[in-house]
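1. Here you go, sequence then predicted model.
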Amino acid sequence: MLDIKVLRDNPEAVREAARKKRMPDRAAAVDRALELDATLRALLPQLDGLRAEQKAGGKNMGSLAPAEREALLAKQKELKARLQQMEEQEKELRAGLAKELALVPNLPDAEVPEGKDDTENVEVKKWGTVPSFGFAPRPHYEIGEAQGWVDFTRAAALSGSRNYILFGDLALLHDAVLRLAVELMVQRGFVPVDPPLLVRDAAMFGTGFFPGGEEQTYRCELDGLNLIGTSEVPVTSLHAGEILAEADLPKKYVARSACFRREAGTYGKDTRGLYRVHQFQKVEQVILDVADRERSVQHHKDIVQNAEDLLQMLELPYRIVAVCGGDLGVPQAMKYDIESWMPSRNAYGETHSASRFYDYQARRLDLRYRPKDGGKVQHCHTLNNTVIASPRVLIPLLEVHQQADGTVRVPAALRPMMSGREVIGRKVF
RNA sequence: GGUGGGGUGGCAGAGCGGCUGAAUGCGACGGUCUUGAAAACCGUUGUCGGGCUUGCCCGACCGGGAGUUCGAAUCUCCCCCCCACCGCCA
């Protein structure tokens, strides 16, 4: 969340932020928060004064003559009644303020483009050449089903729509690309993490998914736990409530995990194939560091570069877009999406999402550090980006590297993970 | 699932209902000493909110909530969490 001081000092900027993000309902929370804050701030000096009086009175209690004692007691009782009423008010105001403040979205950076939705994201870079085939290229699901690599029918029977079962070489390729991603990141100094997939509400709240994202989350109500939609949730929350030493920063983590998404409200969208599914594997990079905007921006560049390097190793053409205000989430200050070329869509499709948050998540998580110069304890900055998500990345892998007969070329970087094979599949077309 | 023990500052760990925001140790920071470092010694060191004369003053916070009391880290109740042992089990 934002520091309430930011709302006080510059309410117009916060309203403007909600507008840029196209969140009118969240803009209203700004005004409700400010009103509660003002009422609370008017109450607090009175309350503190009465408490001081009560405290001072109580300390003399022992050394008084009986008559004086009685008089003081009566006065103390009267104070108590007034205090109780005020404390009730204080409690309500604080609860209300916390609730409204949690709804106020993070401020988008100035460099976030104006725009209403993903159609207005701005391309900032393009890499690789969109392939042209000497034959009619097939979508990944046709190749996959012809090869016996993927079964959507039985998956639906077992688990409902938007599920899949991988077999054989595609199951191996899925694992290979994930392992390659982890290895690359470990080489770059990231600490591998195998995090819990079920988390308490505090982690969902702390990373900014709650309130608001409940509909997209599978919930185990009996235990009050939530299945993660991304390992960003447990990994960013890893040090929640802690005060880290600056010497231990930055923390760089890479986590491979299953991810679960309900995909509520997406009926009829991307229904075919492996694009939008309820369960997938993702390798995620997360950075926690000191509260320094320039360093955050640099980290942001670095984590985008990490993903780019992997896509280049996979020989997949991609582009990077700066996500516009209307397509930005509540907690993000700035986001780049990386989109890989998907021949079946005849378009780039999102495969990565790299966000920086500054201290927005850290405040919700109460994640802080002690500066080494002995200065005040501060909230950290957090960032994250996909390294690879599969099976979605199998779409470009199969489609870009397909051959006319239905076999698929394995990019050189993946071959060590695929028993050295250069091609997978048999001739099926 | 059963039984028991706990949740106090960066960490460990004390704490008779008012003189305890909290002993002590460690750590961290500053200094003395040293060619430098270590050791030793000296000093400083929680977070948050509010006020104004910006240095001080006031208040809140000892897992969370409710209660008893003029007054709660300390007493009562509820909840949450952690740990240990037993049982069951991948």
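-> That came in fine, so what should we check first? Residues are numbered from 1 along each chain as shown, chains lettered A, B, ... in the order given.
2. beta partners for the residue in the stretch 201-350 of chain A that RNA strand B sits nearest to?
-> RNA strand B sits closest to residue A:243 of the stretch 201-350 of chain A, with a gap of 4.1 Å, by Cβ to the nearest atom of the strand. Yep, even glycine has a C-beta here, placed from its N, CA and C like the rest. Here residue A:243 sits in beta bridges with residue A:368, going by DSSP bridges.
3. thought it was touching residue A:370?
-> Yes. Between residue A:243 and residue A:370 there is a contact under Cβ atoms under 8 Å: 5.6 Å.
4. Going by how many neighbours each has, rank the two and give me the top one.
-> Counting neighbours by other Cβ atoms under 10 Å for residue A:243 and for residue A:370 shows that residue A:370 has the greater number, 16 against 13.
5. Hmm, the more buried one is touching residue A:247, no?
-> No. Assessed by Cβ under 8 Å, residue A:370 is found out of contact with residue A:247, at 9.3 Å.
6. Could you list the contact residues of chain A toward RNA strand B?
-> A:5, A:41, A:44-45, A:47-49, A:51-52, A:54-59, A:61-62, A:73, A:76-77, A:79-80, A:91, A:224, A:242-243, A:370, A:372, A:374, A:376-377 (Cβ under 7 Å from any atom of the strand).
7. same thing but 6 Å
-> For chain A, the residues found near RNA strand B under the criterion Cβ under 6 Å from any atom of the strand are A:41, A:44-45, A:48, A:51-52, A:54-55, A:58-59, A:61-62, A:73, A:76-77, A:80, A:91, A:243, A:372, A:374, A:376-377.
8. Now find how far off-centre whatever helix or strand residue A:84 lives in is within its chain.
-> Following DSSP states H and E, one finds residue A:84 within helix A:66-103. Distance of helix A:66-103 from the chain centroid (Cα atoms, centre = their mean, to the nearest Å) equals 40 Å.
9. Dump the helix or strand following that helix to PDB, keeping only the CA atoms.
-> Of the helices and strands lying after helix A:66-103 in sequence (DSSP H and E), the nearest is strand A:122-127. Extracted C-alpha coordinates of strand A:122-127, given in PDB (Å, rounded to 0.1, in the frame of the first residue of the first chain):
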ATOM      1  CA  VAL A 122       3.600   0.400 -26.400                       C
ATOM      2  CA  GLU A 123       6.200  -1.700 -28.200                       C
ATOM      3  CA  VAL A 124       9.700  -0.800 -27.000                       C
ATOM      4  CA  LYS A 125      11.800  -3.500 -28.600                       C
ATOM      5  CA  LYS A 126      11.600  -6.300 -31.100                       C
ATOM      6  CA  TRP A 127      14.100  -9.200 -31.500                       C
END
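10. Heading C-terminal from strand A:122-127, find the next helix or strand.
-> Next element after strand A:122-127 (DSSP H and E): helix A:140-147.
11. so what does that next one touch, helix or strand wise?
-> In terms of contacts (3 or more Cβ pairs under 8 Å, 6 or more residues apart in numbering; DSSP states H and E), helix A:140-147 is packed against helix A:168-187, helix A:394-400.
12. Touching it from outside, list them.
-> Residues from elsewhere that reach helix A:140-147 (Cβ atoms under 8 Å, 6 or more residues apart in numbering): A:149-152, A:168-170, A:272-274, A:344, A:394-395, A:398-399, A:402, A:406, A:408, A:425-426, A:428-429.
13. Quick check on those: which are buried?
-> Buried members of those, scored by 16 or more other Cβ atoms under 10 Å, are A:149-152, A:169-170, A:273-274, A:344, A:394-395, A:398-399, A:402, A:406, A:408, A:425.
14. Who are the contact partners of residue A:341?
-> A:128, A:130-131, A:316-318, A:347-348, A:396, A:400.
15. show me where pLDDT drops low in chain A?
-> Counting by pLDDT under 70, chain A contains low-confidence ranges at A:58-66.
16. any chance you could map the helices in it?
-> For chain A, helices defined by DSSP state H occupy the ranges A:4-9, A:11-20, A:24-60, A:66-103, A:140-147, A:152-159, A:168-187, A:201-206, A:232-236, A:293-313, A:360-365, A:394-400.
17. ranking those by burial, who's on top?
-> Burial of the helices of chain A is given as mean neighbour count (mean count of other Cβ atoms under 10 Å); helix A:232-236 ranks first at a mean of 28.
18. Just name whatever secondary elements that helix is in contact with.
-> Using 3+ Cβ pairs under 8 Å, 6+ apart, helix A:232-236 is in contact with helix A:201-206, strand A:251-260, strand A:279-289, strand A:381-390.
19. And it, how far out from the chain middle?
-> 8 Å.
20. So which residues make contact with it?
-> So helix A:232-236 is contacted by A:193, A:195-197, A:199, A:203-204, A:206-207, A:209, A:228, A:253, A:255, A:257, A:284, A:286, A:288, A:361, A:365, A:367, A:382, A:384 (Cβ under 8 Å, 6+ apart).
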